[in-house]
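> Coordinates only, no sequence provided:
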């Protein structure tokens, strides 16, 4: 399923995008490479993108005290697809 379609369904189920602040070096991870492309496209919940290979990325959502992490593959928001979903929370250093 495309990320944009999954996102609509996730929000309808009461999940809210959760912005993270994961840092590598001097800046926020979401401000580099493909993560920045997603961020500028309105996906504020993007945590990180590998930037290599199939460009796996992680997007975070919250509903009450529950967490939802969406793992994707793809470089551009329009073509990115969901690879898997877990109920893990982002690491403490990302919050």
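Nice, I can see it. What you see is a predicted model, and the numbers here were worked out from it, not measured in a lab.
> partners of the helix-or-strand element of the chain with minimal mean pLDDT, with directions?
Every helix and strand in the chain was compared by mean pLDDT, DSSP states H and E; the lowest is strand 23-24, with a mean of 84. Strand 23-24 has the following strand partners under DSSP bridges: strand 27-28 (antiparallel).
> And for this protein, the residue most distant from the center?
residue 26 (20.5 Å; Cα atoms, centre = their mean).
> Can you check the pLDDT for it?
As predicted, residue 26 sits at a pLDDT of 80.
> if I look at it, how far off is residue 60?
22 Å (Cβ to Cβ, to the nearest Å). The C-beta positions use only the backbone N, C-alpha and C, and glycine is treated the same way.
> again with residue 91
Residue 91 is 11 Å from residue 60, by Cβ to Cβ.
> Can you tell me which residue is spatially central in the chain?
With distances taken as Cα atoms, centre = their mean, residue 59 lies nearest the centre of the chain, 1.6 Å away.
> Who are the packing partners of the host helix or strand of that one?
In the assignment (DSSP states H and E), residue 59 maps to strand 57-63. Strand 57-63 sits against helix 3-12, strand 16-17, helix 33-40, strand 46-49, strand 66-73, with contacts defined as 3 or more Cβ pairs under 8 Å, 6 or more residues apart in numbering; DSSP states H and E.
> Deepest-packed of these, please.
Burial of the helices and strands packed on strand 57-63 is given as mean neighbour count (mean count of other Cβ atoms under 10 Å); strand 46-49 ranks first at a mean of 25.
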